[in-house]
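Novice: I'll drop the sequence and a predicted model, then ask my questions.
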Amino acid sequence: MNFLEDADFKHYFKMFVIGIVVFLFLYIFKDDYGIVLNQDTVEYGKNVRIVDLVESVAGNPINDSNKISSNTISVNGYEVTFDEIDTFKLGSQNITAKYTDSSIQKQSLSVNVVDNKKPIIKINKDIDTKMDLKDVRRLKVDSFYSVSDNETPDKKIKIKKYIKEEKYSYGDTVHLVIEATDKSGNVSKKKIKIKINEKNVEKEDVKAENDEDKDKHDVSSEQHIQESSTQSSQSVQQPVQQAPQQSQITPTPTQPSRPKPSNKQYLFSQGYDMSSAPSACQSDLLSSGYTGSCTPIQDSDGIYLGMQLIFN
């Protein structure tokens with residue numbers, strides 16, 4: 001018996017073919033409720049609604065009439081509600097889309113917030129672009145400009161400043177370059193022309209004269225110090241057995257206002273030496289206002305013990 005001629009076989013085969021056709025039709029034309037975005041990247045700080053990024057829902061194009069709020073779309077009798085975008089937060093953000101029909105599974109979308117704006121370098125007005133050479137070399141130009149950025153705080157913007165020309169001198173015109181880089185790596189540049197002042201010859205001559213006078217004064221002072229040092233050294237370097245010189249001082253005749261002081265000794269045992277003992281004795285005699293003499297003191301063996309101030 002030919003099974004192709006069997007009525008039962010024909011019936012079941014027909015039902016199988018119809019089932020395959022229906023399945024393929026439903027698979028091909030089914031509503032998958034898919035959401036397509038027209039863009040998935042937004043600029044930092046920009047006022048963007050999530051509904052403005054949706055291009056289609058379940059194959060249905062979205063226009064303004066479908067947008068019933070900043071985060072809700074109505075299409076085909078149901079509504080889709082989205083999470084809001086935080087455009088002041090850099091990086092990728094997961095946005096969840098929920099349907100009012102609970103039988104439809106919610107979807108997850110990804111939106112990336114980026115910063116593509118360069119820092120703003122503002123050149124201050126009324127700046128004097130004529131500068132001395134030393135100030136150009138030291139880059140004393142902070143007052144020339146200010147920098148700001150839409151996302152990076154001013155204090156965290158990286159500033160690089162330099163003179164474009166490698167060699168320059170008095171009277172040259174150079175270009176100051178200001179570079180600003182934000183945290184996202186955006187770089188902006190500005191150039192400022194600077195005229196270097198001519199060498200101030202008069203000022204240099206005055207400085208040279210002052211330096212020369214100073215040198216002369218230093219030399220004179222040094223000579224005076226050397227002479228004083230020589231005199232002091234001659235006094236100090238005398239042999240111990242050489243007697244301290246006796247001196248007689250007659251001060252300017254004035255009527256003393258205080259009684260005559262007592263005689264005084266300046267002994268080596270008290271810390272004086274062959275130089276300081278005569279010096280201290282003479283100093284006290286001069287300051288006393290009286291006449292007197294500084295006399296060496298010897299022991300019985302002829303060893304000098306110091307000086308003695310004796311008033312007349």
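Specialist: Arrived safely.
Novice: Who are the contact partners of Phe268?
Specialist: Neighbouring residues of Phe268 by Cβ atoms under 8 Å, 6 or more residues apart in numbering: 277, 304-306. Quick note: C-beta positions are derived from backbone N, CA and C, even for glycine.
Novice: Would you mind giving both backbone torsions of it?
Specialist: phi -60, psi -30 (degrees, to the nearest 10).
Novice: Show me where the protein dips below the pLDDT cut-off.
Specialist: Residues of the chain that meet the criterion pLDDT under 70 lie in 1-11, 21-32, 201-258.
Novice: Return the set of buried residues in stretch 281-288.
Specialist: Residues of stretch 281-288 classed as buried: 281-282, 285, 288 (neighbour count, 16 or more other Cβ atoms under 10 Å).
Novice: I'd assumed Leu305 was in a helix, is it?
Specialist: No - counting by DSSP: H, G, I helix; E, B strand; the rest coil, Leu305 falls outside a helix, being strand.
Novice: wait, isn't it in contact with Ser269?
Specialist: Yes - at 7.3 Å, Leu305 counts as touching Ser269 under the criterion of Cβ atoms under 8 Å.
Novice: Neighbour count for these two, which is higher?
Specialist: Using other Cβ atoms under 10 Å as the criterion, Leu305 and Ser269 rank with Leu305 on top: 16 against 8.
Novice: out of the contacts of Phe268, which is most surrounded?
Specialist: The member of the contacts of Phe268 that has the most neighbours, counting by other Cβ under 10 Å, is Ala277 with 25 neighbours.
Novice: which residues sit in contact with the residue lying closest to Asp299 once chain neighbours are set aside?
Specialist: Using Cβ to Cβ, 6 or more residues apart in numbering and skipping residues adjacent in sequence, the residue nearest Asp299 is Leu305, 5.8 Å away. Counting by Cβ under 8 Å, 6+ apart, Leu305 touches 267-269, 297-299.
Novice: Take those residues and write them to CSV, including distance to Val111 and secondary structure.
Specialist: CSV is the format used below for these (distance: Cβ to Cβ, whole Å; DSSP: H, G, I helix; E, B strand; the rest coil):
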residue, distance to Val111, secondary structure
Leu267, 99, strand
Phe268, 98, helix
Ser269, 98, helix
Ile297, 105, strand
Gln298, 109, strand
Asp299, 108, coil
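Novice: which of the residues you listed sit farthest apart?
Specialist: Across the contacts of Leu305, the longest distance by Cβ to Cβ is 13.8 Å; it joins Ser269 and Gln298.
Novice: Quick one: the helices in this structure, in order.
Specialist: With helices called from DSSP state H, the chain shows them at 7-29, 133-137, 201-236, 276-288.
Novice: all strands for the stretch 101-250 of the chain, in order.
Specialist: Shown for the stretch 101-250 of the chain, the strands assigned by DSSP state E, counting those that start in this stretch span residues 107-114, 120-123, 130-131, 145-148, 158-163, 173-181, 187-196, 247-249.
Novice: Pipe the ones you listed into JSON lines and attach distance to Ile95 and mean neighbour count per row.
Specialist: Formatted as JSON lines, these follow (distance: least, Cβ to Cβ, whole Å; neighbours: other Cβ atoms under 10 Å):
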{"stretch": "strand 107-114", "distance to Ile95": "4", "mean neighbour count": "16"}
{"stretch": "strand 120-123", "distance to Ile95": "31", "mean neighbour count": "14"}
{"stretch": "strand 130-131", "distance to Ile95": "54", "mean neighbour count": "14"}
{"stretch": "strand 145-148", "distance to Ile95": "31", "mean neighbour count": "16"}
{"stretch": "strand 158-163", "distance to Ile95": "33", "mean neighbour count": "14"}
{"stretch": "strand 173-181", "distance to Ile95": "31", "mean neighbour count": "17"}
{"stretch": "strand 187-196", "distance to Ile95": "31", "mean neighbour count": "15"}
{"stretch": "strand 247-249", "distance to Ile95": "106", "mean neighbour count": "13"}
